[in-house]
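Visitor: The following block contains a protein sequence and its predicted model.
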Amino acid sequence: MTINQFKTEALANLNALSPSANLDIQVFLEYSLGFNKTEILLKRDFEIPEINLQWLKDAVEKRKTGLPVAYITGHKEFFGYDFIVSPAVLIPKPDTEILVERSLELIKNRISRNPEKLFNICDMCTGSGCIGLSVLKNLMDSGIELDKLPKVTFVDISQSALEIARLNFENLLCLDSFSDEKKSLIKNRVRFIQSNLFEMVPWKFDYILTNPPYIPHKMVEELLKDGRSEPRLALNGDVSINGEKARKPDGSLRNDGLEIIRNMMPQIREHIGTYGRILMETGEYNAEETAALAEKWGFKTCIHKDLEEQLRVVEMY
C-alpha cells in the first residue's frame, strides 16, 4: 500500500470520528516512517513496508476508540521539546506553556541579579515533568552554567507518573552526551519525590510551579466519555486530602474543582521561601476563585491569560 492509498483509507475510517483526522494521519505517518511533512507529500507513491503498515493500521483503530494521538505514538511536543507520554500522565497542553514562559522570565531575571545564589524550584503534581524540565532545559539552552542551574524537585502522588518524568529527564537533557562529571552535576540538580502534595517534601522553595487537578468532578466524567484515557487522578480537582470525594460542610458533594487547591494553599504558604513566587494553572472557570483563595492565605495575585485569552495561570507572591 502506498502512502496516498493509506491516507485515503485512513481518512475514510477517521473522518467521522476525529475532528483532526488529516492531522492525526499525518502525525502517524511522520512517526512511523520518519518522514517530514514535505517528504510525505512528495513520496505519495512510496510503498509502505509491511511492518510500518501494520503499525499504522493499528494506530488508526486505536484512534477510532478516542485514544489521543500522543498516547498512540508515546510522544508529545511541548515548549519545542519532545516529551514521552503514556496514559499514566496528562498530555502536555499548549496553554501550559504560558506558565513556563512566565516562570522563565522570573527565574532568569533573578539569576542575573543573584548569580551566586542557587535557587530551588518545586514542580508540584509534575506528571510528565513537562513544566520543570522545560524550565531546566531552557535555562541550559540559554547558556546558564551547569553549576548555576536551579535545583528542581519533581513531586507527584503517582509513582507511574514519576517514572515517565524520570525518562523525560534522561532523554530531554541528553545526559549521555555529557562527561561523567557534568552528568553527575546535572543529576544532582534534580530529585523525584512521591508525595501527596507536600506531605513528604520538607524543603522551602523560591518557586513553586504547578498544574494541579482542577476540573470539577462532573466535568471530568463528561470529558472521559470520549475515550481519551487521561488519568482521572490528574484531572479531578474535587478530591479530598484522603483521596475521597470532597464534600461541603452540609455533606453535599463539591463540584468546583478547587478542593485540591484548597488543601494545597496552606502547604504552599509553609513551603514558599522569602520573596518566593508561585505559578499555578487553573481552569478559566475557577481562576478567580483560586486567586481569592490565595489572597485569603496572604498572597498578592495576578492572573495570566492563555492563548485563547482565557484566564489560566494564577501568579502568587
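Guide: Cool, got the structure.

Visitor: Can you list the residue ranges for helices in the stretch 1-150 of the chain?
Guide: Secondary structure of the stretch 1-150 of the chain (DSSP state H, counting those that start in this stretch): helices at 3-14, 21-33, 37-42, 50-64, 69-73, 97-113, 130-141.

Visitor: okay if I get the ones you listed as TSV plus mean pLDDT, distance to residue 289 and mean neighbour count?
Guide: The C-beta positions use only the backbone N, C-alpha and C, and glycine is treated the same way. Shown next, in TSV, are the helices of the stretch 1-150 of the chain (pLDDT from 0 to 100; distance: least, C-beta to C-beta, whole Å; neighbours: other C-beta atoms under 10 Å):
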stretch	mean pLDDT	distance to residue 289	mean neighbour count
helix 3-14	97	38	16
helix 21-33	98	35	19
helix 37-42	96	42	12
helix 50-64	98	36	16
helix 69-73	98	30	20
helix 97-113	97	18	16
helix 130-141	97	22	23
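
Visitor: Take the ones you listed and write them to a markdown table, including distance to residue 229.
Guide: Below are these laid out as a markdown table (distance: least, C-beta to C-beta, whole Å):
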| stretch | distance to residue 229 |
| --- | --- |
| helix 3-14 | 17 |
| helix 21-33 | 15 |
| helix 37-42 | 27 |
| helix 50-64 | 10 |
| helix 69-73 | 6 |
| helix 97-113 | 23 |
| helix 130-141 | 18 |
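
Visitor: Tell me where this protein has strands.
Guide: Along the chain, the segments classed as strands by DSSP state E run 75-78, 81-84, 120-124, 151-156, 190-194, 205-210, 272-281, 301-305, 311-316.

Visitor: Between strand 120-124 and the fifth one, find me the angle.
Guide: If I follow you right, that is strand 190-194. For strand 190-194 against strand 120-124, the angle by axes from the mean of the first three to the mean of the last three C-alpha atoms, to 10 degrees is 40 degrees.

Visitor: Could you tell me the angle between strand 190-194 and helix 130-141?
Guide: Going by the same axes, to 10 degrees, strand 190-194 makes 170 degrees with helix 130-141.

Visitor: Tell me the residue in the protein that is farthest from the middle.
Guide: Most distant from the centre of the chain: residue 45, at 37.7 Å, with distances by C-alpha atoms, centre = their mean.
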